[in-house]
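Trainee: Output the structure for:
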Amino acid sequence: MSTRPYGFQTPEELNIHNHICILPFGEYGSETLEYEWSMEELRPYQFYLVNNEPVDRMFTSFIFNAYEGRKGYSIHPMYAGFEQLAQKEDWNFILDRYFTKGYNFDALSLNTPFAQYTDVWITIPYPLTFQENFGMINGRFYNFKSPADRLDAVKWWIDTFLARWNSSFHLHDKLRLKGFVWQRGTIPKEDEELVKASVQYVRSKQLLSMWLPYLNGYGCYDITSFEFDVASASANYYGNTEISSEYIMHVTNYAKYHRTGVQMIAGKGPTFNATHITDYIDGASTYEYDKALIVCDFANQNLRDLYYSNPSLYQSLYSFLKS
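Mentor: Numbering: from 1, shown residues only. You can find the predicted model right below:
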């Protein structure tokens, strides 16, 4: 990204669809884990609905972001201290779930209109250094205190995923696998070489690598050294924390300088106020990131809930996506 001029990263330069939507997969703390994204559950994401009928496409690109494997086994590093550490069984568990007939990838494909495409991105499970008993790969037990074991596990999972994807011919007419996402939003020193090697490994597969950094988080100002193909930065603005809407301006300045896109958050819960998504939508014109690469995160809610509970906001979101 360092060789490109000042300004936002755009989807056109990458040949990818814009407005990439994050889909939580096995979300931590939910009573019903979102392992099974059905066609019906995906409809308000893939289509703009009026009177529950599709009238236009909505999101055409999705990140499957795994939070849990088996219930109580955390894959996402954010929740590692609250649950059991994921093992090989959990990494395989989510992989199998992605390919469940009639759900997830299959549902995304079945919903995609004829002769059109939906882009797919997959987060790489994060190999936590606390995990000393990950499981056996190729006849050897893996311990993530070893940097070599961490990298080998990442490569093994990418290869295993691609073997499944490449043999799933029924998906290829409608879905385009664009690449893999580094899951952790910060990159501390102990992860730097792992990240660089993982990015190069993804590139060797002729796929793109993406990162979703937190503004002012570890690694965000060294982003060019990691050589991600795609990046979209988060302001960490939710409305009910000490971080004000001014940080939308700060993240756009960061994004233009470091040639990234911008994340938009539409969350639910005590840290989110009623106007934060409107602040992001308004900020797109104020700070001119409306044509930039944008990643949307519907934290702690799904679009079906939003469609029924706040139809005017759902309509505003659609209008923004089509502006």
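
Trainee: From here on, just use CA atoms for contacts and neighbour counts.
Mentor: OK.

Trainee: Tell me which stretches of the stretch 201-323 of the chain form helices.
Mentor: Ranges of helices in the stretch 201-323 of the chain, per DSSP state H, counting those that start in this stretch, are 223-226, 246-258, 276-286, 303-309, 311-321.

Trainee: Lowest average pLDDT across those helices?
Mentor: For the helices of the stretch 201-323 of the chain, mean pLDDT drops lowest on helix 303-309, to a mean of 90.

Trainee: residues of it that come out buried?
Mentor: Neighbour-count burial for helix 303-309 flags 303-304, 306-307 (criterion: 16 or more other Cα atoms under 10 Å).

Trainee: and of the helices of the stretch 201-323 of the chain, who's closest to Phe47?
Mentor: Closest approach to Phe47 among these (Cα to Cα): helix 311-321, 9.4 Å.

Trainee: just the angle between that closest one and helix 276-286, please?
Mentor: Helix 311-321 runs at 30 degrees relative to helix 276-286, counting by axes from the mean of the first three to the mean of the last three Cα atoms, to 10 degrees.

Trainee: related to what we said a few turns ago, closest one to Asn138 out of the buried residues of helix 303-309, please.
Mentor: Nearest to Asn138 among these, counting by Cα to Cα, is Leu303 at 41.4 Å.

Trainee: Confirm for me that that closest one is in contact with Tyr45.
Mentor: Yes - with contact defined as Cα atoms under 8 Å, Leu303 reaches Tyr45; the gap is 6.3 Å.

Trainee: ok, the closest residue to Gly69 other than its chain neighbours - contacts?
Mentor: Take Gly69 and drop its neighbours on the chain: the residue closest to it by Cα to Cα, 6 or more residues apart in numbering is Asp90, 4.4 Å away. Neighbour list for Asp90: 68-70, 73, 75 [criterion: Cα atoms under 8 Å, 6 or more residues apart in numbering].

Trainee: and the gap between the closest residue to Ile243 other than its chain neighbours and Glu36?
Mentor: Excluding its sequence neighbours, the residue lying closest to Ile243 (Cα to Cα, 6+ apart) is Tyr237, at 5.7 Å. For Tyr237, the distance to Glu36 equals 29 Å [Cα to Cα, to the nearest Å].

Trainee: more neighbours, these two?
Mentor: Applying other Cα atoms under 10 Å to Tyr237 and Glu36 shows that Tyr237 carries more neighbours, namely 23 against 19.

Trainee: what's next to the strand or helix carrying Ile63, contact-wise?
Mentor: Ile63 belongs to strand 61-66 when elements are defined using DSSP states H and E. With Cα under 8 Å, 6+ apart as the test, strand 61-66 has contacts from 17-27, 75-76, 94, 118-123, 125, 181, 183.

Trainee: Please apply the same query to stretch 68-77.
Mentor: Residues from elsewhere that reach stretch 68-77, judged by Cα under 8 Å, 6+ apart: 25-28, 66-67, 80, 82-87, 89-91, 93-94, 125-126, 128, 183-184.

Trainee: can you rerun that using 6 Å?
Mentor: Stretch 68-77 has contacts (Cα atoms under 6 Å, 6 or more residues apart in numbering) with 26, 67, 80, 83-86, 90, 93-94.

Trainee: Tell me how far that stretch lies from the chain's centre.
Mentor: Its chain's C-alpha centre and that of stretch 68-77 lie 16 Å apart, by Cα atoms, centre = their mean, to the nearest Å.

Trainee: what about the host helix or strand of Gln200, distance to the chain center?
Mentor: Assigned by DSSP H and E, Gln200 belongs to helix 192-204. Mean C-alpha position of helix 192-204 versus that of the full chain (Cα atoms, centre = their mean) differs by 18 Å.

Trainee: Also stretch 49-67?
Mentor: Chain-centre distance of stretch 49-67: 15 Å, with Cα atoms, centre = their mean.

Trainee: Please state the backbone phi and psi of Pro54?
Mentor: As for Pro54, its main-chain torsions (degrees, to the nearest 10) stand at phi -70, psi 130.

Trainee: Is it correct that it is in contact with Gln46?
Mentor: No - the pair Pro54 / Gln46 is not scored as a contact, 8.9 Å apart, by Cα atoms under 6 Å.
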